[in-house]
Structures are given as structure tokens and as C-alpha cells.
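Novice: following is a predicted model, sequence given first.
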Amino acid sequence: MRERITFIQKLGDSLEPSALTVSGRDLNGPNVRAVREDKLTFSLDELPSELHTLLKASHELHIRWISPIAYETVSPLLARLPPGFHLFYTPGQGTDTASHKLCSTLQDVFGSITCSTPAESFTSLPVDRFSHSAASQYYQPLESLSHFIRYARGQLCLASDSSCAARLNDLTGASSLDVSYDTISHALKITALWPYQSQSVHATSRAHVRTEVGVLSAEKPPTMKDHELGIAGLLTVLGQDAKPSVTMFAFASRHRDTESGFTATFLTPTGLHPTLQLQLESSKPPSASAYCSPHAYLTLPNTIFADKYQLSDDLFLASKNLTALRFISQPMDLEAPAYVMKPWGSAVLVELSPPSGGSWPWTAEIPLHLRYLSPAHGGYTGVQVPYPAVFWACTAEEGTKFPNNPFERVNLGYDGLFGPRTVFWHIEPHAQGGERLVSTVKVPVLDLDKAGWVNVGTAVTVLLGFAWIVWKLLGVYGKAGHGRISTKEVENGEKKRQ
Amino acid sequence: METPAPAGTSSRALKSMPVAPSASSASSASSLASAFFQGPRPLYLGAALSRIVLLLYGLWQDANSPVKYTDIDYLVFTDAARFVARGQSPYARETYRYTPVLAWLLLPTAYQTGSPFWDAVCFNSGKVLFAAADLVAGWLLERVLTMGRGDARPMDAPTARRFAAIWLLNPMVATISTRGSSEGLLGVLVMALLWAVMARRVTLAGLLLGFGVHFKIYPFIYAPAIVWWMDRERMAGSGAVAPAKLPNRIMKLITPARIRLAVVSLVTFLGLNIIMFGIYGAPFLTHTYLHHVTRIDHRHNFSPYNTQLYLASAFPGLPALRIESVAFLPQLTLACVIIPFVVAKKDLPTAMLAQTFAFATFNKVCTSQYFLWYMILLPLYLPSSSFLVNKKLGISALALWVASQGLWLQQGYKLEFLGQSTFLPDLWLASLGFFLVNCWILGIIISDVSVKPGVL
């Protein structure tokens, strides 16, 4: 096992080396405003057996959990995703049974994961574009890591080890958690991120664990190129270094910060065809030298969906400030109710169309459609739709490579939909009233409290209508039989009536 | 029936109108109408013109508004035609649930010329086809109305055109076809089938029946009515025959005409299906036919079963006997057995109207396109109906039909656009109310056949 703990402060907030004290396996420092990232690397044999079996049967497995609570972060830890539980998965070869158990294992580890099997619940990702994107995708809202923390405490910590439990408990405040495995590195990497906040610099390494601690801040080294980010600060390997060493480096980062924000809300009344409105603070492209256009990446639970046919008319798209629908996961049943849907939902990438010139607040509207949901008591069900990830995608200069970025994060769902030289300039999601990055739609459903009479009432009405018509037919039959009526018969009939 | 007004009367009426509108407006309006229906030209030109105007208006709206005039179904058909043009299956288009014939018919819509103007003309040629089908259906309607009709006096052409106008000048019909819905094609097929049957053209009738069922399934309900109507006496043109012993009577039912109709229609239906299956394989069967068996139909529509279907589809485990699982019983008993048996020999067009009405009313799903299915047959029944004889009854029936539909639409609007949970009880009661109104109207249509001589 290896461990890397990084605190990253904003530009100009650097610490002097004397501010940190290193003693044996401990490092202590002052309170700083920073983002904290912990990255743990496990070899397979260090893991609980069920995880071991599962990972051995996977070619690639990436889990990204993002907190529904709005959080601030700093460059370069910017790669954003819609809040919830994301999974990108490529099964190993000939491992059907192991892959069958994936969902139940996930349930053990993360709690209320509702997928059944990858074949039924996952959607496939396009494989032709980006070599390192996984084969399939799964998403569902997941409120917190509490189940994961309990699971990890039970599996990883000895009963006597209270510091182990305490560190895991710290995950309660984390904003995101990445769990990544691939057969090439043959190691499981777990990365947790805590939001930009005031916290004390403190780290302790455990026996036989190489722990590296960095206290860094954004910097602008003189050698830095335009498309690069600079980082400077103090690095210490616990138990090995007696004092921190000073470092400064620059690298090209795939994820950058636009320093502007957006909110997402549903226009009212929502009806059965709600429109998600994105309100963006600025229409100014983040880079003047590259071609940039804003995009929204949505992961929609299977209760709600976008209709690719509706999003194909240019006039309609323009009226919503959209340029085009760039991706929508398949298959997509446009008619089925949510309660018979097997796939998790759909991922959607839309290109937005900002007003040109200057920097204005603007809006874009994404028309969506609700499926019918199960009948419920009270007649309404709330559907939680996570905020999309909104970013400007810019084409990096020819020859730009991102391999030596120590904070690189790939397999986010949308990165595989762009070329390898794309830079994502993220727009920060701001919660609308409160702190949650989730928009709620109140969906009308059949009210179970009033459903008692439906079967009987329908049956009686249909029989009544049926009986009435049969009665009328009998009347005709009684008067005129089943044959034709000749003029003579009618005259006779009329005489009789008189 | 009104006698056609001489041409002179109408021109005088036209001249007198501006002079003394109050005194003679009613009579001059009616003579104006007589003039309109006197020859075929004004009616058909009017019908064509109204469709051309709607078509052009639709082009304008589509080009200038994000809200489209063109029906979503038209985009499904034309996408499917594009797939076919590229040598692919029309079922590559999601939600294409029709026979490949429809996509073939619309192949011109996929034609690319390179000039935007001619591309638009090609793309909209399908709507022109549907609108033209409307006109042909109306023309056939007039033919059927003026046909020799058994014991009754044939209708004169101007009067027939008055009734054909219910279809030809109907704004609902014109809008639906110019928006690109294929229901107009059904109108032609059904009217051509009826014309062929009444003209004793049995082979043609068999071809049309087989093709109609292949095209849209529901015309199969007409088979029993047509077969029953086609008895030996009628086909031979002779009078009634004395009743014979039972075995003989059963043998008598099997006539050359009936056998020919059965064989031709079955061969047409099966032949088309075998060809389509050969070309497009399982997706053809799945989307054209099996889809209608397996679909849940949970989304709100006019059917009385709708709420029950939504409830049942969400809780499929419930064991109790549920009305929707036997919904086909009342529907098919009426549409395919009792109505044909009692009504067909008396009045075939009214029998077909009643069958279609019963089929749509008792169906598990019912949308406004289904109304078009019986609207084409309405002008054949109306001339001798109690709705026209008793104006009060006619107006109240129409008002009730519109009002109960409006009530449903209001609840549907609240649900769909305002997000109010109107499923229970409002929308449910509205659909039951609309159902009962339809049943009442159907009862009157059926009763009407016993009080008039065997027209047609």
C-alpha cells in the first residue's frame, strides 16, 4: 500500500518550510485554507476476498462518487461530474459469472445500489473514439458514503485501531471518492477529495506504508507555458525525510477553471415534459486562442429522458440556446414506463449556444420528458435530477499531451466523447436555494389512495355500455331479424305501430 | 332530400344577397350551398384548395417556429423511408410500427436533389400523397352514396356531394393529413373496399381487405360483415329463397363469392406478410404486429381501460380477475360477431360504421386518430339517421360527444402540462363519461337500421 496526501491552497497562499514540523512518522502544520486529496494505492492481495475476485474478473472498473452538497475546489483538482454514483466498467474476458456478481458486491460495499446485472442495467459507451474509455456505464443518485465507511471500517481496520476508523469516518465530509482499477496497473487506487475549507495540516504514516505528503499551492513559475498550470510547495515522505523539500513544477492540465458559475432549475409548471434551465454567469469563452464551445453533460435516471428526435431540429434547438445533441446513450425506449425500464437511465451531452461577443449572463434550456412512474399514495412522486457537469470544451494546441499530470483524472463519461486533445474548462455548479446540487421535479402519478374503485368501476361501466348496445341490437333483431329489411316489412311495421 | 336548385336560382341568390341580407339570408345561403354542390368541381376544388393552403401554412410554420406543424409521425415515416433509400430496414428507425409499404410509398421524401427548394418539395410529397388520398376517399364516398342501393332510391349526385363534404371539407381531416398522418390512406382503403363489395367486385374486395389488414390490422373487423352481407341471393341478384333444412342452410352459407373473398384476402394478407418477413425478418413481425400485443398502453388516452391499465402494468403480480385482461371480449363480440350478424345484411355501410365505432370505443387504447377511422363512414349513415331527422337529438349527441371529450382534454391538459395528478378520479371519470356517451350514440346508430328499408 502507498499513500499520497496533498493539500492544495490558492495562488499566493504558500507555506514556509519552517511552518511544518516532521517528527518520525508524523507531520504537523498550521491551519490552512486548502483542498485535501488522499490517494491510496492497494495491491490486489491486500483487499477483502470478494473485492479481489471481482477486480480480477474486471478489465477496468472506475467508480466515481460525487457528493450532492455543493463544494468549492481549486485548480488542478477540477474535474467535475454530476453528483451521485458513477460506474465505468469493462469486464474481463470470459468472466460472465463474476460480472454477474458485480451489482451485489457493489451493494455490499456502497449500500443502496439498485442495478441487477451489467447486461441489464448498464449502457454501453462508444468504443471508437477514445482508447481509454470503458465499455459500459452505470449511474444512480447516492446521497452519502455512510455505508461505504461502515463497510471499509469492518473490512480494513483492526478492532483495536481507532485511528484507522477515524480516518475512514473523515470520509463523511468528503466531496468525492474515486475507486479505480485496471488490469494494466493491477492496483486499486482510491482517491478522496475534501472541499476547499479551513483545515489543519496533519498526517501520520502507518508501518510499511509509504506516505508522501504535499502542501502545495497554485503558482506561476517563470518557465510555465500558456496552456500549463504551475504548482509549488513542500513535499515530505514520512519516516524517510527529516524535513520537507521545496518543489515547483508546471504541467498541462486537461481540467481547468473558468472562474464562473451556473445554476440548474426546472421551469414551472413542469408537467410531464419538464425543461431544465441552466443559468450561466458568463458567455465569455475561457480561451481566446482555441476553439471553445460550452457543453452540458447530464446523467439522467431512467425516470426522465431527452428525446433525440426532438433535439434534432435546428430552429427548435436555437430557441432553447442549444447547438446540438452530441451524444445520448442507447438504447432509449421513448414510451416505456419507468417501472419496466431495466437500464439505469441515460447519459446526454448537449452543446450549448452562448450569445456571441462580450460576457453576459445567459440561459440554455434542455427539454426533457418524464416517464410514467409507479402509482403512489398521495398522487405525486419526487424525482431527483442531478446537476449536469457544465464546461467549455476547447481544442488544445497540436502536440499537447497530458501524461505527466500527477492529478490527471480520466474516465469521467464525457471525456471519452471528445478528442484526446480537448481541455475542459469547468463552470462551478451553484446550488439554487440551499446547498444541494440536485433539482427536484414533482411528478404526478396515479393516486393509490383513490385506486380502490378503479377495477370495479371500469368493469361496471364497460359492462353497462356493452349491455346497452347488446340491448339495442336485440331490439333490432326482435323487430327485423338478422336478414335484410324489405320495403314491404317496413310498411307493415309502420301500419302495426299505427 | 332537397332537390338540386337550378343554376339560375343560385346566381339570383348571389346577386340578391348584398341587397336584402336580413330577409333572405337563410334561403340565399341555402341556394348558395345548392350551387356549390350542383357540380363536382366546386367541392373538390374547395377540398383541394383548403389542403394546399394548410400545406403551405405548415411549411411556413415549420420554417419559422420552433413549434412544428408537421406531425411527429411524419418524421418517423420519412426517417424510415430514408433508411429504406439507403438499403436498410425501415425498422432501424425507433418507433416505426407500420408496414414497410408505407416507407416505400414515402421513398420520394428521401430523395435529395441538391437544391433546397426541390428537397423541401420531395420531403413534403408524402403529405401531398396523404391529402390526395383524402380527396380520393371523398370521391369514392360520393360514388358509394350514388350507387344502386337495393330496395331504396339512389341518392342524386348533388345530395351525395353534400354528405361527402362532411369528410372532404372537414377541417379535422384536412389538418390531420396535411400534418403528415397516414390515416387518410386508411380512408381510401376502407372506402374502396366498400365500393368494391357493393359493386360485387369480389376479387378486388379481397385484395383491398387483405391489403388493409396488412396495412393497419383493424380492417379485419369488416371481414365478417362483408362475408355475411355477400349471401347467395344478394350476389345472384334474385329475391329471397324459401328456408331449407339446417344442413342445407349451412351448405348454402358457402357460396363461390364468399370462398373467393376469403381466398383472395387471405392470400393477399399472408403473401404480403411473407414478402415483408422475407425482406426484413423478425423486426417486421415484432414492430408491425407483435408490438400491439405486448404494448402496455399505460399513457393516458381516451380508452375507458386506461387508468386500469396503468394500475395493472405497475403491479403485474396481482392475481384477481381484471377487466382489462378480457377487454377483447366485449370489443370483438360487438365488432366482429353481433353487429355484423344483426346489421350487415340490412345496411352494410352502417354496420361497418357501427363496427368501427364499437372497435374504437371498446379498445384498450383510443386516440383522436381513431375518430378518423369512423368519420369516413359517417356520411353513408347520416342521410337516413335519426340525428338528422330529429335535429334536437343530433345536436345534443354532437354536443355531448364534444363536451365529454373536452372534459377529458381539460383533465389531460392539467396532467400533461400543469403536472397536476388528475389520474384519479377526474381523468378516469372523464374517460368513462366519454365511453358512455359513445355507447349511447352507437346504440342510436344501431337502432336506426331497423326503422328504414335496406338502403345499400
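Specialist: Received it, and whenever you're ready, just let me know what you need. Numbering: from 1, shown residues only, chains lettered A, B, ... in the order given.
Novice: helix, strand or coil for the residue nearest the centre of chain A?
Specialist: Centroid-nearest residue in chain A, with C-alpha atoms, centre = their mean: A:Pro82, separated by 3.7 Å. Secondary structure assignment for A:Pro82 (DSSP: H, G, I helix; E, B strand; the rest coil): coil.
Novice: OK, contacts around it?
Specialist: A:Pro82 is in contact with A:Ile66, A:Tyr139, A:Tyr297, A:Leu298, A:Thr299, A:Pro386, A:Tyr387, A:Pro388, A:Ala389, A:Leu437, counting by C-beta atoms under 8 Å, 6 or more residues apart in numbering or on different chains. In this view, the C-beta of every residue, glycine as well, is placed from N, C-alpha and C.
Novice: neighbour-wise, which of those leads?
Specialist: Of all the contacts of A:Pro82, the highest neighbour tally under other C-beta atoms under 10 Å in any protein chain shown goes to A:Tyr387, namely 30 neighbours.
Novice: what's the closest non-adjacent residue to that one?
Specialist: Nearest residue to A:Tyr387, sequence neighbours excluded (C-beta to C-beta, 6 or more residues apart in numbering or on different chains): A:Leu437, at 4.1 Å.
Novice: point out where chain A drops to low pLDDT.
Specialist: Along chain A, the parts satisfying pLDDT under 70 run over A:95, A:98, A:128-132, A:398-400, A:403-404, A:486-498.
Novice: how is it carved up into domains?
Specialist: Chain A is divided into the following domains under automatic domain parsing: A:2-252, A:256-446, A:458-497.
Novice: from the chain's centroid, how far away is the first one?
Specialist: Right, domain A:2-252. Remark: domain A:2-252 is offset 16 Å from the chain centroid, using C-alpha atoms, centre = their mean, to the nearest Å.
Novice: for stretch B:436-451, same thing?
Specialist: Its chain's C-alpha centre and that of stretch B:436-451 lie 18 Å apart, by C-alpha atoms, centre = their mean.
Novice: then stretch A:266-282?
Specialist: Distance of stretch A:266-282 from the chain centroid (C-alpha atoms, centre = their mean) equals 19 Å.
Novice: likewise for stretch A:301-313?
Specialist: Offset of stretch A:301-313 from its chain centre (C-alpha atoms, centre = their mean): 17 Å.
Novice: now do the buried residues in that stretch.
Specialist: By 16 or more other C-beta atoms under 10 Å in any protein chain shown, the buried positions in stretch A:301-313 come out as A:Pro301, A:Asn302, A:Thr303, A:Ile304, A:Phe305, A:Ala306, A:Asp307, A:Lys308, A:Gln310, A:Leu311.
Novice: coming back round to it: residues contacting the residue nearest to A:Tyr387?
Specialist: For A:Leu437, the contacting residues are A:Pro68, A:Ile69, A:Ala70, A:Pro82, A:Pro83, A:Pro386, A:Tyr387, A:Pro429, A:Ala431, by C-beta under 8 Å, 6+ apart.
Novice: does B:Ala403 belong to a helix, a strand or coil?
Specialist: Assignment for B:Ala403 (three-state DSSP): helix.
Novice: what does A:Ala296 give?
Specialist: Per three-state DSSP, A:Ala296 ends up strand.
Novice: quick one: contacts for the nearest residue to it once chain neighbours are set aside?
Specialist: Leaving aside its chain neighbours, A:Ala296 sits nearest to A:Pro388 (4.3 Å; criterion: C-beta to C-beta, 6+ apart). Neighbour list for A:Pro388: A:Pro82, A:Ala264, A:Leu276, A:Leu278, A:Ala296, A:Tyr297, A:Leu298, A:Thr299, A:Ile366 [criterion: C-beta under 8 Å, 6+ apart].
Novice: how about A:His430?
Specialist: A:His430 sits next to A:Ala70, A:Gly261, A:Phe262, A:Thr263 when contact means C-beta under 8 Å, 6+ apart.
Novice: what bridges to the last one?
Specialist: On the basis of DSSP bridges, A:Thr263 takes part in beta bridges with A:Gln279.
Novice: next SSE downstream of the helix or strand harbouring A:Gln199?
Specialist: Here A:Gln199 sits within strand A:187-204, counting by DSSP states H and E. Counting by DSSP H and E, the next helix or strand C-terminal to strand A:187-204 is strand A:210-219.
Novice: elements contacting that following strand?
Specialist: If you count contacts as 3 or more C-beta pairs under 8 Å, 6 or more residues apart in numbering or on different chains; DSSP states H and E, strand A:210-219 packs onto strand A:2-9, strand A:26-43, strand A:187-204, strand A:228-237, strand A:245-252.
Novice: make TSV out of these and add distance to chain B.
Specialist: TSV is the format used below for the helices and strands packed on strand A:210-219 (distance: least, C-beta to the nearest C-beta, whole Å):
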stretch	distance to chain B
strand A:2-9	44
strand A:26-43	40
strand A:187-204	35
strand A:228-237	41
strand A:245-252	41
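Novice: quick one: contacts for the residue positioned nearest the centre of chain B?
Specialist: Among the residues of chain B, the one closest to the centroid is B:Trp373, at 1.9 Å (C-alpha atoms, centre = their mean). Neighbour list for B:Trp373: B:Glu183, B:Leu186, B:Val190, B:Tyr218, B:Thr356, B:Phe359, B:Ala360 [criterion: C-beta under 8 Å, 6+ apart].
Novice: can you tell me which of these is nearest B:Ala48?
Specialist: B:Glu183 (18.2 Å; C-beta to C-beta).
Novice: just the element for the residue of the stretch 151-300 of chain A at minimum distance from chain B, please.
Specialist: Closest contact between the stretch 151-300 of chain A and chain B, by C-beta to the nearest C-beta, is at A:Gly271 (4.3 Å). In the assignment (DSSP H and E), A:Gly271 maps to no helix and no strand.
Novice: pretty sure it is touching B:Glu416, no?
Specialist: Yes: taking contacts as C-beta atoms under 8 Å, A:Gly271 lies within contact range of B:Glu416: 5.6 Å.
Novice: out of those two, which sits in the more crowded spot?
Specialist: Counted by other C-beta under 10 Å, A:Gly271 and B:Glu416 do not tie: A:Gly271 has more neighbours, with 21 against 18.
Novice: that one and B:Gln369: what is the separation?
Specialist: To B:Gln369, A:Gly271 is 22 Å away according to C-beta to C-beta, to the nearest Å.
Novice: quick one: average confidence on stretch B:42-50?
Specialist: The average of the pLDDT scores along stretch B:42-50 is 97.
Novice: name the SS class of A:Trp425, please.
Specialist: In three-state terms, and counting by three-state DSSP, A:Trp425 is strand.
Novice: now A:Pro76
Specialist: Assignment for A:Pro76 (three-state DSSP): coil.
Novice: OK, contacts around it?
Specialist: So, once contact is read as C-beta under 8 Å, 6+ apart, A:Pro76 ends up touching A:Ile8, A:Leu229, A:Ile231, A:Phe251, A:Ser253, A:His255, A:Arg256, A:Asn405, A:Phe407.
Novice: OK, contacts around the nearest residue to the fourth one once chain neighbours are set aside?
Specialist: On the basis of C-beta to C-beta, 6+ apart, the spatially nearest residue to A:Phe251 that is not a chain neighbour turns out to be A:Asn405, at 4.8 Å. When contacts are counted by C-beta under 8 Å, 6+ apart, A:Asn405 is found next to A:Pro76, A:Phe251, A:Ala252, A:Ser253, A:Arg254.
Novice: could I have the buried ones of the residues you listed as PyMOL selection syntax?
Specialist: A single PyMOL command is used to select the members of those judged buried by 16+ other C-beta under 10 Å:
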select buried, chain A and resi 76+251+252+253+254
